[in-house]
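**Student:** only the shape, not the letters, is given here:
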């Protein structure tokens, strides 16, 4: 640490350093796991992967800013920092100004990844569901755009945002933090509840539907931290400016973990897919006699309008092949593949022809 302070000086910085180091490791592992899952399981790349992977450098930059600020007094009382060098307070405020941009992006891109994941998993002709995906996606983009613009122009002149003695005006900090936090929680709740009707409409047993809902809720449990950050906003932000280097760490815990957990949660299906591929027949519920080398655990191909059961895609599936399972059995094609076994039918290759004959008597 650059600052030399007497031993025993109250300091909240070490906890921040440990948290950032741990989150750097966990978020990096989640991103690497996603890539390995795509390569090993041979899953096709899509937009949910792009938004998840681009979140990693954003997260790492945010942690880097916090660790850099730590070197000039983050975690100490402001009067202790000012006694060492008053310019450190201004420099720290600059770091905060920059960090807000990366924080807003760090919680927005995983949201977009989750939305794209829904679009890919629930391959549905349900127009109502698709419209909801577009609406919530637009809300996320709108929230991010508005947050970035309001961050840039929070003060007039702009420099007053990190140099408060300058003449000028700024927006009300508490109202700004609280409104953006409340909107973020609302969007998270929207995303969390969005797949519930689709899952509940699947022709599965009640227990399996409940398991699926629990899995989706646990995978998007970031809403708990989003609510926690909003509560911390109410308690901490009004007193933030009085001692920013001392009061801010309590808020940063919520903010950093929220962004990191967002990235990790949207990578959970890939982690499961990788483990399942590596375990092979040892994976619970896997048929050892199956000819499929890998299966795609992310794929929950869905066709509610046809009343079709949910099933997993075949290994190496890149074109959305699925087995249609009715209440009486499977619909398999009569076409033999190169192994001499029944081939799965692509949904977009299924055609129904009817011939109506009118017998006039």
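**Tutor:** Noted; the coordinates are in hand. As the structure is a computational prediction, the values presented were derived from the model and not from experiment.

**Student:** where does pLDDT dip in the chain?
**Tutor:** Where the chain drops to pLDDT under 70, the residues are 1-2, 124-125, 219, 280-361.

**Student:** show me where it has its helices.
**Tutor:** 13-40, 47-70, 78-84, 87-121, 127-152, 173-193, 196-200, 206-219, 222-236, 244-265, 268-279 (DSSP state H).

**Student:** what helices or strands is the fourth one leaning on?
**Tutor:** Under the contact definition 3 or more C-beta pairs under 8 Å, 6 or more residues apart in numbering; DSSP states H and E, helix 87-121 sits against helix 47-70, helix 78-84, helix 127-152, helix 173-193, helix 244-265, strand 296-301. Any C-beta I mention is one placed from the backbone N, CA and C, and that applies to glycine too.

**Student:** adding distance to residue 165 and mean neighbour count, write these out as JSON lines.
**Tutor:** JSON lines is the format used below for these (distance: least, C-beta to C-beta, whole Å; neighbours: other C-beta atoms under 10 Å):
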{"stretch": "helix 47-70", "distance to residue 165": "20", "mean neighbour count": "20"}
{"stretch": "helix 78-84", "distance to residue 165": "13", "mean neighbour count": "17"}
{"stretch": "helix 127-152", "distance to residue 165": "21", "mean neighbour count": "15"}
{"stretch": "helix 173-193", "distance to residue 165": "16", "mean neighbour count": "17"}
{"stretch": "helix 244-265", "distance to residue 165": "14", "mean neighbour count": "22"}
{"stretch": "strand 296-301", "distance to residue 165": "53", "mean neighbour count": "22"}
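
**Student:** reformat the ones you listed as JSON lines; add distance to residue 202.
**Tutor:** Formatted as JSON lines, those follow (distance: least, C-beta to C-beta, whole Å):
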{"stretch": "helix 47-70", "distance to residue 202": "21"}
{"stretch": "helix 78-84", "distance to residue 202": "56"}
{"stretch": "helix 127-152", "distance to residue 202": "13"}
{"stretch": "helix 173-193", "distance to residue 202": "16"}
{"stretch": "helix 244-265", "distance to residue 202": "22"}
{"stretch": "strand 296-301", "distance to residue 202": "8"}
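
**Student:** and of the ones you listed, who's closest to residue 120?
**Tutor:** Residue 120 sits nearest to helix 47-70 of all the helices and strands packed on helix 87-121, at 6.2 Å, using C-beta to C-beta.

**Student:** contacts only, for the closest residue to residue 79 other than its chain neighbours.
**Tutor:** Spatial nearest neighbour of residue 79, chain neighbours left out: residue 243 (7.9 Å); criterion: C-beta to C-beta, 6 or more residues apart in numbering. Neighbour list for residue 243: 77, 78, 79 [criterion: C-beta atoms under 8 Å, 6 or more residues apart in numbering].

**Student:** okay, these in CSV with distance to residue 35 next?
**Tutor:** Formatted as CSV, the contacts of residue 243 follow (distance: C-beta to C-beta, whole Å):
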residue, distance to residue 35
77, 43
78, 43
79, 47
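
**Student:** closest to residue 138 among these?
**Tutor:** Nearest to residue 138, judged by C-beta to C-beta, of the contacts of residue 243 is residue 78 at 40.4 Å.

**Student:** how about that closest one, what does it touch?
**Tutor:** Contacts here follow C-beta under 8 Å, 6+ apart; on that basis residue 78 touches 89, 243, 244, 245, 246.

**Student:** which one of the residues you listed is nearest to residue 117?
**Tutor:** For those, the closest approach to residue 117 (C-beta to C-beta) belongs to residue 244, at 37.4 Å.

**Student:** how much space between the closest one and residue 96?
**Tutor:** Note on residue 244: its distance to residue 96, by C-beta to C-beta, to the nearest Å, is 8 Å.

**Student:** count of neighbours near residue 99?
**Tutor:** When neighbours are counted by other C-beta atoms under 10 Å, residue 99 registers 23.

**Student:** quick one, what contacts it?
**Tutor:** Contacts for residue 99 (C-beta under 8 Å, 6+ apart) come out as 62, 65, 66, 69.

**Student:** please tell me how far the third one sits from residue 16.
**Tutor:** Put plainly, it is residue 66. Residue 66 sits 6 Å away from residue 16, going by C-beta to C-beta.

**Student:** any common contacting residues for those two?
**Tutor:** Common neighbours of residue 66 and residue 16 (criterion: C-beta under 8 Å, 6+ apart): 74, 252.

**Student:** with adjacent residues omitted, what lies nearest to residue 68?
**Tutor:** In space, residue 68 is closest to residue 95, 6.6 Å off (C-beta to C-beta, 6+ apart).

**Student:** the one you found against residue 65, yeah?
**Tutor:** Yes. Assessed by C-beta atoms under 8 Å, residue 95 is found in contact with residue 65 at 5.3 Å.

**Student:** for the most centrally placed residue in the chain, give its distance to residue 176.
**Tutor:** For the chain, the residue nearest the mean C-alpha position is residue 110 (2.9 Å; C-alpha atoms, centre = their mean). Distance of residue 110 to residue 176, given as C-beta to C-beta: 22 Å.

**Student:** ok, back up a step: and the residue nearest to residue 79, how far from residue 48?
**Tutor:** For residue 243, the distance to residue 48 - C-beta to C-beta - is 41 Å.

**Student:** give me the spatial nearest neighbour of residue 274, chain neighbours excluded.
**Tutor:** residue 37 is the one closest to residue 274 (C-beta to C-beta, 6+ apart), at 4.1 Å.

**Student:** and that neighbour, how many residues sit next to it?
**Tutor:** Residue 37: 26 surrounding residues under other C-beta under 10 Å.

**Student:** and it, how close does it get to residue 84?
**Tutor:** Counting by C-beta to C-beta, the gap from residue 37 to residue 84 is 48 Å.
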